[in-house]
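**Q** pasting the structure only:
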């Protein structure tokens, strides 16, 4: 029996190569445009190997989303549980999304932006359940606790999550655009430009926490 080129590889290495290639292809071409044979080529395995270890394109896409979001959800739960104050929990939530869930995963960010723009038609129900219960649920818990102890003003946790993820995703996806047109921002306030170059999670947390500061009744929006 002739040995295929990927058989000598360790299973974990094979799966890692497949997932990396899948994320890259789904990000560049979308779910509809990606092809299993191209993913196999980029992963350095044969097409049968993908079907054997994971399944068809639908199963592969589900595996990509599940792997990143499930790992991120577990990390979110651990990190938020370690934070003490409501302010620390908000900071931790933003930091975990940026440098935990999406860290080094610019291609995955593009996949999620495609899904958001397309109504999430390709996101499996199991993945949405994980997102709702563990990630959105974490924000809901932070807000409920913060409002109860008077540290935070009431706000919709889903909207807050979308503001965080949307801001991070948009900043990440426009890096090349902003670099190309950097001279156009030269006339802006130097302090604003300096903040743009500082930690993104710090800036997002700062803006959110200002908006979530408890205010006297009738002072909303002032």
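**A** Perfect, I can see it now. Computed from a predicted model, the values in this text were never measured in an experiment.
**Q** give the contact list for the closest residue in space to residue 172 that isn't next to it in sequence.
**A** In this structure, residue 172 finds its nearest non-sequential neighbour in residue 109, 5.0 Å apart by Cβ to Cβ, 6 or more residues apart in numbering. Where C-beta positions appear, they are placed from N, C-alpha and C, glycine not excepted. The contact partners of residue 109, taken as Cβ atoms under 8 Å, 6 or more residues apart in numbering, are 102, 168, 169, 172, 173.
**Q** what helix or strand does residue 109 sit in?
**A** helix 106-117 (DSSP states H and E).
**Q** so which bits of that helix are buried?
**A** Neighbour counts using 16 or more other Cβ atoms under 10 Å place 107, 108, 109, 110, 111, 112, 113, 114, 115 of helix 106-117 among the buried residues.
**Q** please tell me I have it right and the fourth one contacts residue 175.
**A** Right, residue 110. No: in this structure, residue 110 is not within contact of residue 175 by Cβ atoms under 8 Å, at 11.5 Å.
**Q** could you point out which element follows the element among helices and strands of the chain having the smallest mean pLDDT?
**A** Ranking every helix and strand in the chain by mean pLDDT, DSSP states H and E puts helix 190-197 at the bottom, with a mean of 60. Next helix or strand after helix 190-197 toward the C-terminus (DSSP H and E): helix 200-211.
**Q** would you mark the buried spots in that next one?
**A** 200, 201, 204, 205, 208, 209.
**Q** quick one, what contacts the fifth one?
**A** Looking back up the chat, that one is residue 208. Here residue 208 is in contact with 90, 94, 160, 163, 164 (Cβ under 8 Å, 6+ apart).
**Q** of those residues, closest to residue 28?
**A** Nearest to residue 28 out of these is residue 164 (Cβ to Cβ; 25.1 Å).
**Q** pull the most distant pair out of the buried residues of helix 106-117.
**A** Within the buried residues of helix 106-117, 107 and 115 form the most distant pair, 13.1 Å apart (Cβ to Cβ).
**Q** how about the residue positioned nearest the centre of the chain, what does it touch?
**A** Computing the C-alpha centroid of the chain and ranking residues by Cα atoms, centre = their mean puts residue 102 first, at 4.3 Å. Neighbouring residues of residue 102 by Cβ under 8 Å, 6+ apart: 72, 108, 109, 168, 169, 172.
**Q** and residue 152, by the same measure?
**A** Residue 152 makes contacts with 86, 90, 143, 146, 212, 213, 214, as judged by Cβ under 8 Å, 6+ apart.
**Q** which SSE is immediately downstream of the helix ranked longest in the chain?
**A** Counting residues, the longest helix found in the chain (DSSP state H) is helix 57-82. Heading C-terminal from helix 57-82, the first helix or strand you meet, by DSSP H and E, is helix 86-96.
**Q** quick one: mean pLDDT for that following helix?
**A** Averaged across helix 86-96, the pLDDT comes to 92.
**Q** residues contacting that helix, please?
**A** Contacts of helix 86-96 (Cβ under 8 Å, 6+ apart): 72, 75-76, 79-80, 82-83, 138-139, 142, 145-146, 149, 151-152, 164, 201, 204-205, 208-209, 212.
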